[in-house]
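*Asks:* Model the following, please.
(chains A and B)
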Amino acid sequence: MVQEKTIPKRPLGRTGEKVSLLGVGGHHIGDLASLDGAAKLVHAAIDAGVNFFDNCWEYWNGRAEAWMGRALKGRRDKVFLMTKVCTHGAGKDTAMSMLEESLRRLQTDHLDLWQAHAMGFDNDPELAYAKGGVLEAFELAKRQGKVRFVGFTGHKNPLVHLDMIRRGYPFDTVQMPLNPFDWHFHSFEKLVLPELAKRGIAALGMKSLGGTADAVKKGIVTAEEMLRYAMSLPVAVTISGMDSLDVLNKNVAIARAFQPLTEKEMAAIRAKCAPTSADGRFEPYKVSLKFDNQVTRLAHGFPIDGQQKEVKEMLAKGNGSWVTGEN
Amino acid sequence: MSELDRREFAGAVAATNLTAAAAAEDRGAVPMRALGKTGVQVSALGLGGYHLGAAPTKDVAIRIVHEAIGAGINFLDNAWEYHDGKSEEWMGSAIKDRRDKVFLMTKVCTHGRGKDVAMKQLDESLKRLQTDHLDLWQVHEVIYENDPDLHFAQGGVIEALDAAKKSGKVRFVGFTGHKHPDIHLKMLAREYPFDTVQMPLNCFDASFRSFENRVLPLLNKKGIAALGMKSLGGDAQPVLHGVVTAEEALRYAMSLPVAVTISGIDCLEVLHQNLAVARSFRAMSPEEMAALRKRCARHAADGHLELYKSTKKYDGAPGREQHGYPDRETLPM
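*Replies:* Next up is the predicted model:
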């Protein structure tokens, strides 16, 4: 009977929408070997019952959006499409030009969800809420019918998330890393999830394997345990970066057969992670620049990591026009 | 500085240190300040051990140390792990015939390991530094969130601090860290009698995870000596980008209620520049300090001028290894 089960859908906060509890991460789509491979993965995910698709203006200098756009041609109405805007402190006009680029690359006239990307630096909330900031672009884009819902994302610090939320803008969604290691270290689960529940804002989980799956590779916990843990939290969707059909199939199988873990089972998984979680070693995105996209770093004056593949591609491209959103 | 001045100094509370320091400036000496409740006087400018090991040659390093001591600097900083021992070895060669002229500090680098590792490192440090005792021994790089628990665990490094004091190998003890005031506060909450606490203090810190706002007042209240470091933000990027001048940044750090500002000096030019600031030191007024903080705030609020707080860049290899983090090649920042 398991094969006939479909991937469960959950309400997306108070939006009235329902989304699949497994979502396809856009960053990994842009990192596949070819457009053909990306399209196959997107099509297989849709056929399997996944409707939530994640992306971002800055992933792979636009390639992730462009490939997803090609793959979604003719299937746009089957998906709930999200992408992110990467102003990182720049204003409304930059945001609106990024929106036009995202729509063009994604080959659509509207986004279901548009999120402010990578709120991670301590002054990001102040910059987002500033006069002429990205939140004004949200209002305009909604009025123009180009986006339906809005939210923000970040992987760095739950206190920055709380600051964004408590300043009061009516976000529909908030995205964050959620996994059993998080519980013990700068915890989004403990600090942010309850605040979202209180306000009826949909929680979107990411980095269910800790970003790099290093803890899985070291045998501390299994991928299935981590993914099931993330899906058992009060979230609308767990967005997963999948770099092959094999990984997609494994995740789809877990999603189709999904039964929430009991609180006791969740505590047991957290306990396995506890000895290696208190210093953040398996959540490098919280303590290092490694997971910050280059546009994020440049906008804030942080040095870029020349060893990172995405940065190397950017440097090879050389003209830097994408930095200002002029391409 | 006269004996009378010294006594006045020793009796002064942190806030009045600055007046006395300003008085010392008239004679062109590097100001001396009380090291907390220890009864010891240290120079307001200290010589950092990491950069000493980065000097072009051992001869240059020795000249830096000798000139610094000659100019009135007595506070020397080091750590067991700097440049795999080279910093301690070079400093040891430089001070072997003038050990009594300096207040010698080095740091122990257990990073969570126990007392035995600490005591072994102490003996190595003493050997490299060519001395039979340290004036100050500090737990190095308390920067991981579980470090306080590991250090205070049974058989941990804190027991080594006690044992080393008892054996006469070290006079005073403290800890250091560059990451987050919360971690420092966790260490202090254990109520262990630390003599000193070292931390980054500069005109950017006030706007980002601030040691100045959150740790310094507590130390002053408890009479624990505050040791400042990273007065230029660690790599002087703010100076290179024209946000502040080196002189302004150093003067700001020295104007805080600290015993010493430890400065990384890897060549004689930097030593001379810093000595000039220290010798003519006049504390900034609260208004001047507030104005400088305000000028820096716009650049400082996201932490990109304090990479030691906001990235992994400054986290040393032995600590990463003990905490299971990737090395610098894999996780450079």
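*Asks:* Which stretches in the stretch 51-200 of chain A count as helices?
*Replies:* Under the criterion DSSP state H, counting those that start in this stretch, the stretch 51-200 of chain A contains helices at A:63-72, A:92-106, A:124-129, A:134-143, A:158-166, A:188-191, A:193-199.
*Asks:* Check the stretch 1-150 of chain B too.
*Replies:* So, for the stretch 1-150 of chain B - with DSSP H, counting those that start in this stretch - the helices run B:3-11, B:14-25, B:49-52, B:58-70, B:86-95, B:115-128, B:147-152.
*Asks:* With the stretch 201-327 of chain A instead?
*Replies:* In the stretch 201-327 of chain A, the helices defined using DSSP H, counting those that start in this stretch lie at A:214-217, A:223-232, A:245-256, A:263-273, A:284-287, A:294-299, A:309-317.
*Asks:* Out of those, which gets nearest to chain B?
*Replies:* With C-beta to the nearest C-beta as the criterion, chain B lies closest to helix A:284-287 of the helices of the stretch 201-327 of chain A, at 6.3 Å. From N, CA and C alone the C-beta is placed, and that goes for glycine too.
*Asks:* Provide the contact partners of the closest one at residue level.
*Replies:* With contact meaning C-beta atoms under 8 Å, 6 or more residues apart in numbering or on different chains, helix A:284-287 is reached by A:155-157, A:177, A:185-186, A:207, A:211-212, A:280, A:290-292, B:312, B:325-326, B:331.
*Asks:* Just the buried positions in it, please.
*Replies:* A:Pro284, A:Tyr285, A:Lys286, A:Val287 (16 or more other C-beta atoms under 10 Å in any protein chain shown).
*Asks:* so can I have JSON lines of those showing pLDDT and distance to A:Leu81?
*Replies:* Shown next, in JSON lines, are these (pLDDT from 0 to 100; distance: C-beta to C-beta, whole Å):
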{"residue": "A:Pro284", "pLDDT": "94", "distance to A:Leu81": "29"}
{"residue": "A:Tyr285", "pLDDT": "96", "distance to A:Leu81": "24"}
{"residue": "A:Lys286", "pLDDT": "96", "distance to A:Leu81": "28"}
{"residue": "A:Val287", "pLDDT": "95", "distance to A:Leu81": "32"}
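*Asks:* Tell me who's in contact with B:Glu89.
*Replies:* Residues in contact with B:Glu89 (C-beta under 8 Å, 6+ apart) are B:Arg128.
*Asks:* near chain B, which residues of the stretch 1-150 of chain A?
*Replies:* Residues of the stretch 1-150 of chain A found near chain B (C-beta under 8 Å from any C-beta of the partner chain) are A:Phe121, A:Asp122, A:Asn123, A:Asp124, A:Glu126.
*Asks:* any idea what sits nearest residue 105, other than its immediate chain neighbours?
*Replies:* I went with chain A, as the question did not name one. Of all residues not flanking A:Arg105 in the chain, A:Glu65 sits nearest, at 3.9 Å (C-beta to C-beta, 6 or more residues apart in numbering or on different chains).
*Asks:* actually it's chain B I care about, not the one you picked
*Replies:* Computed as C-beta to C-beta, 6+ apart, the closest residue to B:Met105 that is not its neighbour in sequence is B:Leu136, at 3.8 Å.
*Asks:* correct me, but A:Val252 touches A:Asp47?
*Replies:* No. With contacts counted by C-beta atoms under 8 Å, A:Val252 stays clear of A:Asp47, the gap being 9.6 Å.
*Asks:* who's more crowded, these two?
*Replies:* Shown here are A:Val252 and A:Asp47; by other C-beta atoms under 10 Å in any protein chain shown, A:Val252 has more neighbours (22 against 11).
*Asks:* Show me the shaky parts of the chain.
*Replies:* Let's take chain A. A:1-4, A:318-327 (pLDDT under 70).
*Asks:* was after chain B, sorry
*Replies:* B:1-27.
*Asks:* near chain A, which residues of it?
*Replies:* Within chain B, the positions near chain A by C-beta under 8 Å from any C-beta are B:144-147, B:149, B:208-209, B:299, B:301-305, B:307, B:310-312, B:323-326, B:329, B:331-333.
*Asks:* So for the host helix or strand of A:His43, what gets flagged as buried?
*Replies:* In this assignment (DSSP states H and E), A:His43 forms part of helix A:35-48. Applying a neighbour-count criterion of 16+ other C-beta under 10 Å, one finds A:Ala38, A:Ala39, A:Lys40, A:Leu41, A:Val42, A:Ala44, A:Ala45, A:Ile46, A:Ala48 buried in helix A:35-48.
*Asks:* Distance of the closest residue to the second one other than its chain neighbours relative to B:Asp327?
*Replies:* When you say that, I think you mean A:Ala39. Sequence neighbours aside, A:Ala71 is the residue nearest to A:Ala39 in space, at 4.0 Å (criterion: C-beta to C-beta, 6+ apart). Distance, A:Ala71 to B:Asp327, by C-beta to C-beta, to the nearest Å: 38 Å.
*Asks:* Show me which of those two is the more surrounded one.
*Replies:* It is A:Ala71, of A:Ala71 and B:Asp327, that has more neighbours when counted by other C-beta under 10 Å, with 25 against 10.
*Asks:* Would you agree that one is in contact with A:Gly37?
*Replies:* No. Contact criterion C-beta under 8 Å: A:Ala71 and A:Gly37 do not qualify, at 10.0 Å.
*Asks:* Buried residues in stretch B:162-180, which are they?
*Replies:* B:164-165, B:169-180.
*Asks:* Same list, these, but as JSON lines with secondary structure and distance to B:Glu247 please.
*Replies:* Output for these, formatted as JSON lines (DSSP: H, G, I helix; E, B strand; the rest coil; distance: C-beta to C-beta, whole Å):
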{"residue": "B:Ala164", "secondary structure": "helix", "distance to B:Glu247": "38"}
{"residue": "B:Lys165", "secondary structure": "helix", "distance to B:Glu247": "38"}
{"residue": "B:Lys169", "secondary structure": "coil", "distance to B:Glu247": "38"}
{"residue": "B:Val170", "secondary structure": "strand", "distance to B:Glu247": "35"}
{"residue": "B:Arg171", "secondary structure": "strand", "distance to B:Glu247": "33"}
{"residue": "B:Phe172", "secondary structure": "strand", "distance to B:Glu247": "31"}
{"residue": "B:Val173", "secondary structure": "strand", "distance to B:Glu247": "33"}
{"residue": "B:Gly174", "secondary structure": "strand", "distance to B:Glu247": "28"}
{"residue": "B:Phe175", "secondary structure": "strand", "distance to B:Glu247": "30"}
{"residue": "B:Thr176", "secondary structure": "strand", "distance to B:Glu247": "25"}
{"residue": "B:Gly177", "secondary structure": "coil", "distance to B:Glu247": "27"}
{"residue": "B:His178", "secondary structure": "coil", "distance to B:Glu247": "23"}
{"residue": "B:Lys179", "secondary structure": "coil", "distance to B:Glu247": "27"}
{"residue": "B:His180", "secondary structure": "coil", "distance to B:Glu247": "28"}
